[in-house]
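> return atomic coordinates for the entry below.
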Amino acid sequence: MDLLALADFNLVARHGGFGRAARAAGRPKATLSRRVAELESRLDLRLFERGARVLKLTQEGRALYERTGTLLTELDETAAAIASGGDRPQGRLRISAPLLFSQTAMGKLAAGFALRYPEVRLEVTTEDRTVDMVEEGYDLVIRVNPDPDESLVGRIFLRDRLVVVASPDLRRPTDDLAVPAVVRGAGEQTTSWDVTMPAGRSRIAVDPVLRLSSLIMVRDAVRAGVGAGRLPVSLVSHDLAAGTLVHWGDVDGPDIALWTLYPSRRLLSARVSAFLDFLKEAFPMGTPEELAAHIGN
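Numbering: from 1, shown residues only. Alright, predicted model coming up:
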């Protein structure tokens, strides 16, 4: 396959039209149109649906674009790295990270990475939704307990766990009376929490009196004495050590696992590898205590 023709096809697909691609690249529109037509003829496939005003990728064209766009970028970056005398990280690095991790840890991580690798242009987007890495142009995604995805590979770099905490002024009931609770999200009908203490398992009856969309808001409301709350231990570790919150038990269930994910068909670029190594350096054991220390510094 003609790599130059493939690069021209990707250029047109990325810009959504021959005219825009020609202006962006400073090349004749007729040349791009001819090169794409030659590629279609060679593949015996229609890659674009050509309307009077709209140029759209066909199903085959989109598949080709998704599978080759990143590879061509990797080839360009490899050539640039060799020409500059090494494989040092450079270029744009786009990361999608979950809200709580971004609010508590990602700012310092991003700043440290930018200082160490000034030739990398790091962009971090905060969101909890599922993203299409290829379609949305992400190099790396950080997610909490993600669903299995055969198109992605990754690794766990941090673990956390949920604990029930409360203000020292809020007394834990010794009977079946419900305790005021601050919960995350709306609509969930929470009536009790199962916890484990050194003395064994127990159930805490709860009455949600305040619902908030952010765990940081939940922590602040629990600190104020509104009610008990379920929170990651990394987020309240310093409060527990200072005595501003007290521990009512570990929440039963699986640990919280933070994963780094990237497309399995893609060779890891130097910048992605550098960021993965940077995370490993920041959290060598991947424990909640390391995350708490990072948040508290």
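
> please name the strands paired to the top strand by length along the chain in the sheet, noting orientation.
When the chain is parsed with DSSP state E, its longest strand is strand 200-212. Sheet pairing of strand 200-212 (DSSP bridges) gives strand 179-184 (parallel), strand 192-197 (antiparallel).

> winner for burial among the ones you listed?
Stretch with highest mean neighbour count among those: strand 179-184 (a mean of 20; mean count of other CB atoms under 10 Å). In short, each C-beta sits where N, CA and C put it, glycine included.

> contacts for that strand, please.
Residues from elsewhere that reach strand 179-184 (CB atoms under 8 Å, 6 or more residues apart in numbering): 166, 170, 172-173, 190, 193, 204-215, 218, 221-222, 226-230.

> the strands paired with strand 200-212: which one's closest to Trp259?
Proximity to Trp259 (CB to CB) singles out strand 179-184 among the strands paired with strand 200-212, at 20.7 Å.

> show me this protein divided up by domain.
Using the TED database, the domain parsing of the chain gives 3-84, 91-157+256-296, 162-251.

> I'd like these as TSV, with mean pLDDT appended.
Shown next, in TSV, are the domains of the chain (pLDDT from 0 to 100):
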stretch	mean pLDDT
domain 3-84	83
domain 91-157+256-296	89
domain 162-251	92
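
> adding distance to Asp2 as columns, could you present the strands paired with strand 200-212 in JSON lines?
Formatted as JSON lines, those follow (distance: least, CB to CB, whole Å):
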{"stretch": "strand 179-184", "distance to Asp2": "54"}
{"stretch": "strand 192-197", "distance to Asp2": "62"}
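
> what's the closest of the ones you listed to Leu75?
Of all those, strand 179-184 sits nearest to Leu75, with 44.7 Å by CB to CB.

> one step back: so which of the strands paired with strand 200-212 is nearest Ser269?
Among the strands paired with strand 200-212, strand 179-184 comes nearest to Ser269, with 35.8 Å by CB to CB.

> so where do the strands sit in the stretch 101-250 of the chain?
Counting by DSSP state E, counting those that start in this stretch, one finds strands in the stretch 101-250 of the chain at the ranges 120-126, 140-144, 152-160, 162-166, 179-184, 192-197, 200-212, 228-232, 246-251.

> what comes into contact with the fourth one?
By that I understand strand 162-166. With contact meaning CB under 8 Å, 6+ apart, strand 162-166 is reached by 172, 179, 193, 195, 204, 222, 227-233, 236, 239-240, 245-251, 253, 256.

> now it - C-alpha only, CSV.
Only the C-alpha atoms of strand 162-166 are listed here, as CSV (Å, rounded to 0.1, in the frame of the first residue of the first chain):
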residue,chain,number,x,y,z
LEU,A,162,-14.2,2.5,50.9
VAL,A,163,-14.6,3.2,54.6
VAL,A,164,-17.5,4.6,56.7
VAL,A,165,-16.5,7.7,58.6
ALA,A,166,-18.3,10.3,60.7
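
> give me the distance from stretch 24-44 to the chain's centre.
Centroid separation between stretch 24-44 and its chain, computed with CA atoms, centre = their mean, to the nearest Å, is 36 Å.
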